[in-house]
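Novice: For reference, the sequence and a predicted model appear below.
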Amino acid sequence: LNTRIPTKIISDNQSIVEQELIKFIQLKNNLYMKNIDEIRCLTIDFNQPIRFYLSIDFGGKVVSNVYKVLNEVIRKMGFEIFCDENDELTYMDDFKRTESIKKFKPHITININRIRNEFLHDDMFNFIWFQDPTKMLYDDTVFHIRERDYFFYLTSKLKNVLLNKNIPTDKMFLQHFCTNTNIFSNLHLNRKNKVIYVGNNYEF
């Protein structure tokens with residue numbers, strides 16, 4: 001059912017439940033590797049209508065709103081798109097992504113603040129947009145870059161970080177924020193004098 005794995009078990013049969021969970025995780029990992037093999041054997045035909053794939057994590061409100069803007073624009077441009085979204089009970093992980101990619105066979109995937117290229121077919125384009133100073137940009141994570149990976153960044157500071165990660169300059173592009181006022185704007189708000197703080201907090 002792809003529901004979230006329990007983080008705490010209260011049961012007279014706790015050891016049995018834990019053993020079953022271990023079996024489940026092993027099975028899921030095996031299926032994930034099988035999915036990757038199947039994806040890499042796909043035929044990605046660019047003579048077909050272009051298909052986009054987005055995965056939206058229920059827990060990330062700001063990023064999910066950006067994905068919704070992308071979804072709206074891509075649909076209006078006439079492309080096929082699959083928005084893979086979980087909810088408060090289900091889990092969004094690479095297994096779920098590979099299940100969807102295997103079935104939908106996208107030509108293009110878009111990721112925000114993550115690369116997620118390790119399970120893609122070589123012919124699939126992957127657009128990665130860093131809008132936040134996420135941990136992987138500053139730790140010892142090694143970026144493995146495919147020929148069809150392209151990186152976008154929100155600010156010049158993020159560009160410098162990507163350069164430090166050995167991203168080629170011909171694969172990097174500045175991309176500012178934009179939004180759809182039909183979705184995220186309410187022109188009938190009563191304006192008030194107040195202080196608004198917009199920021200983030202990443203603990204390394």
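Specialist: Sure thing, it's come through. Numbers count the residues shown, from 1 in each chain.

Novice: pretty sure residue 149 contacts residue 170?
Specialist: No - using C-beta atoms under 8 Å, residue 149 makes no contact with residue 170, being 11.7 Å away. From N, CA and C alone the C-beta is placed, and that goes for glycine too.

Novice: And the next helix or strand past the longest helix seen in the chain?
Specialist: Longest helix of the chain, by residue count under DSSP state H: helix 14-40. The element immediately downstream of helix 14-40 (helix or strand, assigned by DSSP states H and E) is strand 51-56.

Novice: Determine the number of other residues adjacent to the closest residue to residue 24 other than its chain neighbours.
Specialist: Excluding the flanking residues, the one nearest residue 24 by C-beta to C-beta, 6 or more residues apart in numbering is residue 5, at 7.8 Å. By other C-beta atoms under 10 Å, the residues close to residue 5 number 10.

Novice: Run a quick check on residue 5 versus residue 93, I expect a contact.
Specialist: No - taking contacts as C-beta under 8 Å, residue 5 lies outside contact range of residue 93: 9.9 Å.

Novice: Next, the distance between the ends of stretch 89-99.
Specialist: 18 Å (C-alpha to C-alpha, to the nearest Å).

Novice: Run the angle between the helix or strand residue 84 falls within and strand 51-56 for me.
Specialist: Using DSSP H and E, residue 84 falls within strand 80-85. Going by axes from the mean of the first three to the mean of the last three C-alpha atoms, to 10 degrees, strand 80-85 is angled at 10 degrees with respect to strand 51-56.

Novice: what's next to strand 80-85, contact-wise?
Specialist: Residues outside strand 80-85 that contact it (C-beta atoms under 8 Å, 6 or more residues apart in numbering): 49-56, 58, 64, 67, 71, 74-75, 92, 96-97, 100, 104, 106.

Novice: Next: stretch 32-49.
Specialist: 79-80, 94-95, 98-99, 101-102, 105, 107, 118-124.

Novice: Start and end of it, how far apart?
Specialist: End-to-end distance for stretch 32-49: 27 Å, by C-alpha to C-alpha.
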